[in-house]
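Asker: just a sequence and a predicted model for now, questions to come.
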Amino acid sequence: MAHRYVSPSDLTLLVIVMDNVSSAMKLIVQIPVYNESDTIEEVITHIPRHIPGISCVEVLIINDGCTDDTIERATASGANHIVHHTSRKGLAMAYQTGIDTALRLGADIIVNTDGDHQYPGSAIPQLIEPIVAQKADIVIGDRQVNEIEHFSPLKKLLQHIGSSVVRWASGTNIPDTVSGFRALSREAALRMFVTSDFSYTVESIIQAGKKRLTLQTVPVLTNPTRRASRLHQGNWNFIKKQASIIAKTYATYEPLKAFSYLAMPFIIIGLLLLVRATYIYIGRNLGIVTGSNEQSLIGGGFMLVVGVLILMLGVLADRVGGARRVQEEALYRIRKQELLQEVQQQRMLTRLKQLTTELQEYRKTLGIDLHEAHTHLTSLHEIRNGLTNHFDNTSSVDETAHQNILDKLAAIEHELYTQSQQRLSTNQAWQNSITHKLEYLEQVLLDEIALHQNERSQ
């Protein structure tokens, strides 16, 4: 990063600019969509724009290759930001795109909701309250599966079983692990990265649990369903894909345990076969057992070797996992630093533009004031000339009194003229100084942004 000299006066102005940057929290509600034209307007209009503890609420649409007029309707309904996928990449990638974009937009809290209006926007304040109060990093909306009327008894049972498995794998206590209605703090969003191309719900919870993030839940009542899910083709297809995600994610964060579970059956069977082979060998020598122990010996040895090899792979994977955790922490710190710099630069640039606008308004006001002062001086000058002519044409013995009046008017006129000139000179100098500092700081900031972007692209 290039270094530049900043004078004390420029540093003082920079501190003033930084102090005026709002410290209140910004909420971005992200909505991944694919052909949701029938419901997107309701989703956006039901999002509250004024929430206690939140200074700004914005809506981010992730267009996952829509082919209908979803985006046009979203824009007309008040969406603040739209990011596009050139083709359909799936819910998980759309979710991650939204998280990355929301962070770049300066979000302090990110809420994810669906475009089918399954989740009520009115529940967002309740959802983010633990994060605003700094009691949680992630909050999941519990749909209370037993209360969902269109879920069959089998689906409810499978939901409970699946959530139990995820709770075990993640070490968390989330009752509804596949709920997409969730809120994340900036810190949690920076630490999370979804790698699945199917769904983000389960993987992100396991990640959060293994990264020691604080998770909470709040109960929500879902809206009536409008259409069948596009995410999966039936319950068993959904179970198969989610089971694969759970296994992969768990093995990533707990490789030694995962490989130990795989190795244990081989080791146990191998030991049992070797015990049987030993029993046959001893019994045969004692004459109480007949038969060969070769099959048990070969089978037991093979199973034991396979189990030990799997266990050794787990040990190696655990060592690799340790290096991965170090890399994750390093990447997190780099990502956080880059994001903070980018957000801070954008906020500073915004504040500089605000100051420039305020200065322009002040110039206009100053011009009006000086124009009024000039008008008053002109009127006063005309009054003095009129009185002079009147006194000259009036026969009066009190010429001294007349002259005193004219002298006082002349003195007042001169004083007003002098003050207006001084004010003009002082304000012009002040304007020039502030304008110069603003232009200098803005140019420095623009240079830093360009340099930062170049470094990121290299």
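Answerer: Good, I have the coordinates. Since the structure is predicted, the reported quantities are computational estimates derived from the model, not experimental observations.
Asker: quick one: the helices in the stretch 251-400 of the chain?
Answerer: Counting by DSSP state H, counting those that start in this stretch, the stretch 251-400 of the chain has helices at residues 255-286, 294-392, 399-457.
Asker: for the longest one, give the mean pLDDT please.
Answerer: Pointing back at helix 294-392 there. The average pLDDT within helix 294-392 is 76.
Asker: domain-wise, how is the chain divided?
Answerer: Residue ranges for the domains of the chain, per automatic domain parsing: 24-253, 258-323, 339-457.
Asker: any chance of the ones you listed in JSON lines with distance to Ala330 and mean neighbour count as columns?
Answerer: From N, CA and C alone the C-beta is placed, and that goes for glycine too. Below are the domains of the chain laid out as JSON lines (distance: least, CB to CB, whole Å; neighbours: other CB atoms under 10 Å):
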{"stretch": "domain 24-253", "distance to Ala330": "13", "mean neighbour count": "19"}
{"stretch": "domain 258-323", "distance to Ala330": "11", "mean neighbour count": "15"}
{"stretch": "domain 339-457", "distance to Ala330": "15", "mean neighbour count": "13"}
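Asker: distance to Arg333 added to the ones you listed, as TSV?
Answerer: Compiled in TSV, the domains of the chain are given as follows (distance: least, CB to CB, whole Å):
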stretch	distance to Arg333
domain 24-253	9
domain 258-323	16
domain 339-457	11
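Asker: least confident secondary structure element in this structure?
Answerer: Lowest by mean pLDDT, DSSP states H and E among the helices and strands of the chain is helix 8-19, with a mean of 43.
Asker: which one of the domains of the chain lies closest to Tyr332?
Answerer: domain 24-253 (5.7 Å; CB to CB).
Asker: may I have the distance across the closest one, first residue to last?
Answerer: 35 Å (CA to CA, to the nearest Å).
Asker: gap between that domain and the chain center?
Answerer: Mean-position distance between domain 24-253 and its chain equals 13 Å (CA atoms, centre = their mean, to the nearest Å).
Asker: for the record, mean pLDDT for it?
Answerer: On average, domain 24-253 scores 89.
Asker: is it true that Thr101 touches Val83?
Answerer: Yes: assessed by CB atoms under 8 Å, Thr101 is found in contact with Val83 at 5.0 Å.
Asker: common neighbours of those two, please.
Answerer: Here Thr101 and Val83 have Leu60, Ile62 as joint contacts, going by CB atoms under 8 Å, 6 or more residues apart in numbering.
Asker: contact partners for Pro120?
Answerer: His46, Val220, Leu221, Thr222, Asn223.
Asker: take the residues you listed and keep only those in helices.
Answerer: Assigned to helices by DSSP state H, none of the contacts of Pro120 qualify.
Asker: ok so, going back, so what are the sheet partners of the very next helix or strand once past the least confident helix or strand of the chain and their directions?
Answerer: Per DSSP states H and E, the first helix or strand lying C-terminal to helix 8-19 is strand 25-33. If you go by DSSP bridges, strand 25-33 pairs up with strand 54-63 (parallel), strand 109-112 (parallel).
Asker: in JSON lines, list the ones you listed along with distance to Ser77.
Answerer: Below are the strands paired with strand 25-33 laid out as JSON lines (distance: least, CB to CB, whole Å):
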{"stretch": "strand 54-63", "distance to Ser77": "8"}
{"stretch": "strand 109-112", "distance to Ser77": "17"}
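Asker: among these, which comes closest to Leu154?
Answerer: strand 109-112 (27.4 Å).
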